[in-house]
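1. Task: produce atomic coordinates for the following.
(one chain, ligands or ions: 2)
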Amino acid sequence: MQHIKINVGLLGCGTVGSGVAQVMLERADHLEKRSGIRLELKKVLVRDAAKARTIPSSLMTTCPEDIIDNPDIQIVVELIGGLDPAGEWILHALKNGKRVVTANKYLLAHRGSEIFSAAAANLSCVCFEASCGGAIPIVLALTRGLLANEIKSVVGILNGTCNYILTQMMHNGKPYSTALAEAQQAGFAEADPYMDVSGLDSGHKLAVLASLAFGADIRPANIDIQGIAALQDVDLRYARELGYVCKLLAIAQQQATGVSLRVHPALLPVSHPLASVNGSYNAVSVDGSVAGRTVYFGRGAGAMPTASAVLADILEAAMNATVPFFASHPLLNHRQPVAIIPPTEVHTRHYLRITALDKPGTIHDITGVLGRHHISISAMTQHEARAGAYVPLVITTHEAMGGGVTSALAELGQLPCVSGEPAHLRIWDDYE
Ligand code: NAP
Ligand code: HSE
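-> Ligands and ions are numbered 1, 2, ... in the order given. Next comes the predicted model:
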């Protein structure tokens, strides 16, 4: 059988790029055996030519035109990250008739529609499986496997760095800063780890996945985003006592009046399927009108898990299968507008920790505020005072409206019997 030969150029050779290059150079025979495609790595762009690398120096360049204008290269793989110059180089490569693969969720969340339209206009494609969920084929699931479904919700742990940090803090008692340094060392974190811990990276991935799920042009600005940097050990400990673990969740839900989109740390019952997703693993649960709930699980970050998804995209682009898909697929092009439900109108359960004065009448004042905002208490624990005049009062609520809880928190912070701002986390216990 005649195998297809395809030449590839890599823009970027950091954590992911070096993993992709290593597999292409060392496992070309194996890739050919499985796919019928012979990949040849032609050029690799880096910023710093002097950095020590394992890739042969003959392949390296610091000139992007050696790849995006190179007539010998059919597939351009963008693994630089960020909005620019990555976006401009992708558009340039498409105009030159190249097929493109990218892992850049930041770029796709902000300029996905423009880039997918450019791919269609140039009879090309931009494959992006590695942009969400590392090794997990979630883009494939939403665009192919679940195509017969109206998607009701996509709920996931979408950031390996945050999940690694929270796992190390909760299960191994490591400080936040130590766990973050380990995640960076392992190659899970973004070049600027603020993108991870601020929740922005999860927000970018949610924008990409929710756009596919609902056929809508969803941008990061449509998403209510809160990260993990302000989390306190004490809340992870109290949550554990109550039978919860804390995860950074990305949630997209289709509701009667529109779509609710949010990223925030959430307390999950230990028995929840997502509660046991630990370390750099990610998981995504998709609720479809025909399939019901399906769950996808795998390594969400790091060189080789991400290289697996990038290489699958390179092989798919090499087969040319995705080009007609780009021209006509309404989940990628011709996306529809969608109403966004504001966070104030989202109903969830809540966890509150209030530093309360240990004297008669305190509970009365606090529950009065909650009652006035229609917030019903599910459980309340006060740890015995060992020293000082204040005690931690931990409250979980029944479902309450986001806006009411925000107003109640502001009022509680003003009570003479409360010290400082109450700590607040949302509870996610929606599962079959
Ligand atoms: P990285 O380690 O920071 O590597 C970036 C690479 O791009 C480096 O080789 C760098 O060159 C090169 N580069 C950056 N700006 C450049 C410029 N202006 N001109 C030429 N070269 C430039 O990043 P990464 O972790 O591999 O991530 C790459 C992309 O994959 C990002 O979009 C990221 O969000 C995404 N992603 C990462 C992971 C992960 O686990 N790390 C997983 C999924 C998706 P030098 O080597 O010379 O510095
Ligand atoms: N920094 C990202 C994460 C890489 O930790 O999940 C994978 O997209």
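2. residues contacting the residue of the stretch 201-350 of the chain at minimum distance from ligand 2?
-> Taking Cβ to the nearest ligand atom, ligand 2 has its nearest neighbour within the stretch 201-350 of the chain at residue 301, 3.8 Å off. Backbone N, C-alpha and C define where each C-beta goes, glycine included. Applying Cβ atoms under 8 Å, 6 or more residues apart in numbering, we find residue 301 in contact with 134, 159, 160, 161, 164, 187, 188, 189, 280, 282.
3. Assign it to helix, strand or coil.
-> State at residue 301, reduced to three classes by DSSP: H, G, I helix; E, B strand; the rest coil: coil.
4. Just the pLDDT for it.
-> According to the predicted model, the pLDDT of residue 301 comes to 98.
5. Tell me how far the nearest residue to it once chain neighbours are set aside lies from ligand 1.
-> Leaving aside its sequence neighbours, residue 301 sits nearest to residue 160 (Cβ to Cβ, 6 or more residues apart in numbering; 3.0 Å). Distance check for residue 160 against ligand 1: by Cβ to the nearest ligand atom, to the nearest Å, it reads 7 Å.
6. if I pick residue 253, what's in contact with it?
-> In this structure, residue 253 makes contact with 152, 153, 155, 259, 260, judged by Cβ under 8 Å, 6+ apart.
7. looking at this, it is in a helix?
-> No. Counting by three-state DSSP, residue 253 is not found in a helix; it is strand.
8. Go through stretch 382-397 and flag the buried ones.
-> For stretch 382-397, the buried set under the neighbour-count rule, 16 or more other Cβ atoms under 10 Å, comprises 390, 391, 392, 393, 394, 395, 396, 397.
9. Which helix or strand contains the second one?
-> Spelled out, that is residue 391. When elements are defined using DSSP states H and E, residue 391 is found to belong to strand 390-397.
10. how far out from the middle of the chain is that strand?
-> The chain centre lies 31 Å from the centre of strand 390-397; the measure is Cα atoms, centre = their mean, to the nearest Å.
11. what helices or strands is that strand leaning on?
-> Judged by 3 or more Cβ pairs under 8 Å, 6 or more residues apart in numbering; DSSP states H and E, strand 390-397 is in contact with helix 233-241, strand 347-357, helix 362-372, strand 377-382.
12. Quick one: the contacts of residue 253 as TSV, columns for neighbour count and distance to residue 409 too.
-> As requested, the contacts of residue 253 are arranged in TSV below (neighbours: other Cβ atoms under 10 Å; distance: Cβ to Cβ, whole Å):
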residue	neighbour count	distance to residue 409
152	17	30
153	19	26
155	23	24
259	19	25
260	22	20
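13. Closest one to residue 291 out of those, please.
-> Nearest to residue 291 among those is residue 152, at 10.5 Å by Cβ to Cβ.
14. That closest one - that's part of a helix, no?
-> No. Remark: residue 152 does not belong to a helix; assigned using three-state DSSP, it is strand.
15. what pairs with the nearest residue to it once chain neighbours are set aside across the strands?
-> Counting by Cβ to Cβ, 6+ apart, the nearest residue to residue 152 once its immediate chain neighbours are dropped is residue 287, at 4.3 Å. Partner residues in beta bridges with residue 287: residue 153, residue 293, with DSSP bridges as the criterion.
16. Get me the contact residues on the stretch 101-250 of the chain for ligand 2.
-> Within the stretch 101-250 of the chain, the positions near ligand 2 by Cβ under 6 Å from any ligand atom are 134, 159, 160, 161, 188, 189, 190, 196, 201.
17. wait, what's in contact with the third one?
-> What it means is residue 160. Applying Cβ under 8 Å, 6+ apart to residue 160 gives the contacts 134, 183, 188, 279, 280, 281, 282, 299, 300, 301, 302.
18. Could you find the closest non-adjacent residue to the fifth one?
-> What sits nearest to residue 280 in space, not counting adjacent residues and going by Cβ to Cβ, 6+ apart, is residue 160, at 3.7 Å.
19. re earlier: quick one: which of the buried residues of stretch 382-397 is nearest to ligand 1?
-> The closest of the buried residues of stretch 382-397 to ligand 1 turns out to be residue 396 (Cβ to the nearest ligand atom; 34.6 Å).
20. Point out where the chain drops to low pLDDT.
-> Residues of the chain that meet the criterion pLDDT under 70 lie in 1-2, 387, 431-432.
21. What residue in it is the furthest from its centre?
-> For the chain, the largest distance from the centre (Cα atoms, centre = their mean) belongs to residue 360, which lies 45.9 Å off.
22. That one should be in a strand, yeah?
-> No. Assessed with three-state DSSP, residue 360 is coil; it does not lie in a strand.
23. next one: phi and psi at the residue in the chain that ligand 1 sits nearest to?
-> Going by Cβ to the nearest ligand atom, ligand 1 is nearest to residue 14 of the chain, at 1.8 Å. Dihedral pair for residue 14: phi -90, psi -140, per degrees, to the nearest 10.
24. One more: the one 10 residues further on?
-> In this entry, residue 24 is assigned phi and psi values of phi -60, psi -40 (degrees, to the nearest 10).
25. Ok, the one 4 residues further on next?
-> Backbone torsions for residue 28, taken as degrees, to the nearest 10, come to phi -60, psi -40.
26. how close does it sit to ligand 2?
-> Applying Cβ to the nearest ligand atom, one obtains 25 Å for the distance of residue 28 from ligand 2.
27. Number of residues surrounding that residue?
-> Here the number of neighbours of residue 28 (other Cβ atoms under 10 Å) works out to 15.
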